[in-house]
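>>> Give the three-dimensional model of this entry:
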Amino acid sequence: MAKDDKDDKDDKKKKEKGDDVVDLSSRIGARQPGEQAPAKPTPAQPPEPPATRLDAPIPSAPRPRLIPTREDRQQSAMIQKAMIEETSTPEPAIPSPRTAPGPGETDLVVTPLPTPDDWHRFELALRKVRGVGQLRTEYYRHGVLKVRVSYQGTDRLASALRAGVPGYRVRVIGEDRATLQILVTSESDERRPG
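Below you'll find the predicted structure:
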């Protein structure tokens, strides 16, 4: 029964405490309602601007006009001067060291020769073709070789190259009066797997 008596006492305490309203402001140092100072009027806040959409383009602020640097002004002055000089009097053309192939000569453009060793091997094999005389290398860039070939033979140079560059298969991809373009594949490349 002691337990029932204890429960009754707890219920009575809860009822007494629950009905009363407790003012906690006096306990934490707040001013009493009679002591309050006159309230200052709060300044009116300006209305908030409408919310900006985030999916719209970002507005850009006007940029200040910049004065070009001295280097830019000098460069633009040089460009203007060059344009005026260019339109006034044409100068003679600069002579080019490259010339058109002479009689019995053909420019041979060969690709792909990925390394300088491939280029050298191909030139050695080209010298063995019947009718090919002097070879003069014009340039070699990015796997493309241009050689000026003097050729004396009964057939065209394209036919002679298809028939017999030792160690290479030759496919002609373009030909005109002074230029012959070929694709080469070495026989060792054909044997490689992959």
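>>> which residues does the nearest residue to Val172 once chain neighbours are set aside contact?
Distances taken as Cβ to Cβ, 6 or more residues apart in numbering place Ala158 nearest to Val172, at 4.9 Å, with adjacent residues excluded. To be clear about C-beta, it is placed using only N, CA and C from the backbone, and glycine gets the same treatment. Ala158 sits next to 172, 175, 180, 182 when contact means Cβ atoms under 8 Å, 6 or more residues apart in numbering.
>>> Serialize those residues to TSV and add fields for pLDDT and neighbour count.
Output for the contacts of Ala158, formatted as TSV (pLDDT from 0 to 100; neighbours: other Cβ atoms under 10 Å):
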residue	pLDDT	neighbour count
Val172	93	15
Glu175	92	14
Leu180	93	20
Ile182	94	20
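>>> Kindly indicate which of those lies nearest Gly153.
Minimum distance to Gly153 across these is 13.2 Å, recorded for Leu180 (Cβ to Cβ).
>>> Parallel or antiparallel, list what pairs with whichever helix or strand the closest one is part of.
Here Leu180 sits within strand 179-186, counting by DSSP states H and E. In the sheet, strand 179-186 lines up against strand 105-111 (parallel), strand 168-175 (antiparallel) (DSSP bridges).
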